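Trainee: All I have is the shape, not the residue letters:
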């Protein structure tokens with residue numbers, strides 16, 4: 001019985017460890033900072049950069065702080081992932097999805113992008129998130145640059161073109177999370193844990209029969 005309990009504990013630790021090892025890595029996040037204003041996307045595309053550092057994997061999630069002057073304008077914000085061209089936005093790599101203005105509010109809020117794909121992100125590479133719209137959607141910015149990966153990055157808008165977040169003193173608000181390239185399904189992890197427990201039971205039963213003979 002003690003052996004079964006011991007293997008059960010080990011199985012649980014293995015499952016928890018596997019989940020932890022495959023947790024997403026935050027590459028950029030200033031969504032918890034107080035906003036300072038919002039720029040209209042319809043005046044021209046707006047871009048914000050992020051970098052992967054030594055990490056590699058796939059884009060796991062993207063959240064943006066957005067607001068709309070008129071959420072009923074039937075507009076849609078298009079979101080794309082762009083390559084870097086010497087600290088300026090390069091060509092579009094892939095369209096990530098859209099956000100309808102009707103889902104926005106006249107006060108800033110955090111909105112997840114329902115990703116149409118999970119593109120691969122290479123290590124030690126800078127990428128850009130680009131927004132465009134014909135509606136009244138705006139991208140909120142903050143002068144607080146203390147978030148993960150914020151101060152060393154850049155932005156581009158129709159008014160100022162490309163500037164570093166630190167030199168201008170603000171950054172557009174978003175959270176970018178990278179996931180591992182392959183994440184085992186929860187059922188796979190549970191199956192492995194169950195196998196360890198079953199092995200423990202088999203060993204305990206075999207030992208019991210051996211003692212009786």
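Mentor: Yep, that arrived. Bear in mind the structure is a predicted one, so any value in this text is a computation, not a measurement. Numbers count the residues shown, from 1 in each chain.
Trainee: And the most centrally placed residue in the chain, how far from residue 118?
Mentor: Central residue of the chain (Cα atoms, centre = their mean): residue 177, 2.3 Å from the mean position. Residue 177 is 11 Å from residue 118, where distance means Cβ to Cβ, to the nearest Å. All C-beta atoms are positioned from the backbone trio N, CA, C, and that covers glycine.
Trainee: Spell out which residues are contacts of both of these two.
Mentor: 59, 60 (Cβ atoms under 8 Å, 6 or more residues apart in numbering).
Trainee: how would you label the residue nearest to the centre of the chain: helix, strand or coil?
Mentor: strand (DSSP: H, G, I helix; E, B strand; the rest coil).
Trainee: Spit out the contact partners of it.
Mentor: 24, 25, 26, 27, 59, 60, 61, 62.
Trainee: Farthest-apart pair in these, please.
Mentor: Across the contacts of residue 177, no pair lies farther apart than 25 and 62, at 13.5 Å, counting by Cβ to Cβ.
Trainee: I figured residue 168 hits residue 160, correct?
Mentor: Yes - the criterion here is Cβ atoms under 8 Å, and residue 168 meets it with residue 160 at 6.8 Å.
Trainee: quick one, domains of the chain?
Mentor: 2-19+185-212, 24-179 (automatic domain parsing).
Trainee: worst-scoring helix or strand of the protein, pLDDT-wise?
Mentor: Using mean pLDDT, DSSP states H and E, helix 2-21 stands out as the lowest-scoring helix or strand of the chain, at a mean of 42.
Trainee: re the thing from before, give me the more crowded residue out of residue 168 and residue 160.
Mentor: Using other Cβ atoms under 10 Å as the criterion, residue 168 and residue 160 rank with residue 168 on top: 14 against 10.
Trainee: rewinding a little: who has more neighbours out of residue 25 and residue 62?
Mentor: residue 62 (21 against 18).
Trainee: give the contact list for the more buried one.
Mentor: Residue 62 neighbours (Cβ under 8 Å, 6+ apart): 79, 96, 112, 113, 115, 129, 174, 175, 176, 177.
Trainee: burial count for the second one?
Mentor: So that's residue 96. There are 21 residues near residue 96, going by other Cβ under 10 Å.
Trainee: for the fourth one, same thing?
Mentor: The burial metric for residue 113, expressed as a neighbour count using other Cβ under 10 Å, is 19.
Trainee: if I read this right, it contacts residue 97, doesn't it?
Mentor: Yes - here residue 113 reaches residue 97: they are 4.9 Å apart, a contact under Cβ under 8 Å.
Trainee: so what sits against both of the two?
Mentor: residue 79.
Trainee: what pairs with residue 120 across the strands?
Mentor: Under the criterion DSSP bridges, residue 120 forms beta bridges with residue 58.
Trainee: Pretty sure residue 55 is one of the things it touches, is it not?
Mentor: No - Residue 120 is beyond contact range of residue 55, at 11.9 Å (criterion: Cβ under 8 Å).
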